[in-house]
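>>> Requesting a structural model of the entry that follows:
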Amino acid sequence: MRALLGLAVAGLLAASASAQPLIPFAKAVRAGEFLILSGEIGSSPPGMDPQTDGMDAAAKSAMDKIGRTLAANDADYGDVVKCTVMLADMAAWDRFNLTYVKYFDPARMPARSAFGVNGLARGAVVEVECLAHKPSKQAD
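Numbering: from 1, shown residues only. Predicted structure coming up:
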């Protein structure tokens, strides 16, 4: 399977320069010209309504984590071609979008799927995973 995807141990990419807690997956993996990011969760802070200001904070948290993983791998939001959004409550879909759209050029939004789920890791209210097209830099 690794050969099929063009993956190798060296294909496991950094999430950031800071130490990360042990997780059973890579934050990002390169497959050819694509950078596949694991999902990033966002939780509603205590005391905030997960449908309103809590969703704003959770969406910003998840999208900022995506941005840090992209940056750690020499990519940015302009390289993102597809996102998948999982919401603990689909009633928050419109509210999530208010934050989500701020991260992309309106003339070049990535393709996207969104769906409601019965639960997310660590009680999160949103999880976002992305796929970026970012060819590796060629040595001169």
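>>> so I36 touches T69, yeah?
No: using Cβ atoms under 8 Å, I36 is not in contact with T69, being 10.6 Å away. No exception for glycine: its C-beta is placed from N, CA and C like everyone else's.
>>> higher neighbour count, these two?
For I36 and T69, the more surrounded residue by other Cβ atoms under 10 Å is T69, and the numbers stand at 23 against 18.
>>> Which pLDDT value goes with that one?
pLDDT recorded at T69 is 96.
>>> List of residues touching the helix or strand containing it?
Per DSSP states H and E: T69 is located in helix 53-72. Contact partners of helix 53-72, identified using Cβ atoms under 8 Å, 6 or more residues apart in numbering, comprise 13-17, 27-28, 35, 37-38, 40-45, 48-50, 76-77, 79-80, 92, 95-96, 98-100, 103, 124-128, 130, 132.
>>> 7 Å instead?
Residues outside helix 53-72 that contact it (Cβ atoms under 7 Å, 6 or more residues apart in numbering): 14-16, 27-28, 37, 40-45, 48, 76-77, 79, 92, 95-96, 99-100, 103, 124-128, 130, 132.
>>> Please identify the buried residues of the helix or strand just after that helix?
The C-terminal neighbour of helix 53-72 among helices and strands, as given by DSSP H and E, is strand 80-87. Within strand 80-87, the residues scored as buried using 16 or more other Cβ atoms under 10 Å are V80, C83, V85, M86, L87.
>>> Could you do stretch 123-140 as well?
For stretch 123-140, the neighbour count (16+ other Cβ under 10 Å) marks A124, V125, V126, E127, V128, E129, C130, L131, A132, K134 as buried.
>>> what's the burial count for A71?
The number of residues packed near A71 is 13, by other Cβ under 10 Å.
>>> circling back: the helix holding T69 to strand 80-87, inter-axis angle?
For helix 53-72 against strand 80-87, the angle by axes from the mean of the first three to the mean of the last three Cα atoms, to 10 degrees is 150 degrees.
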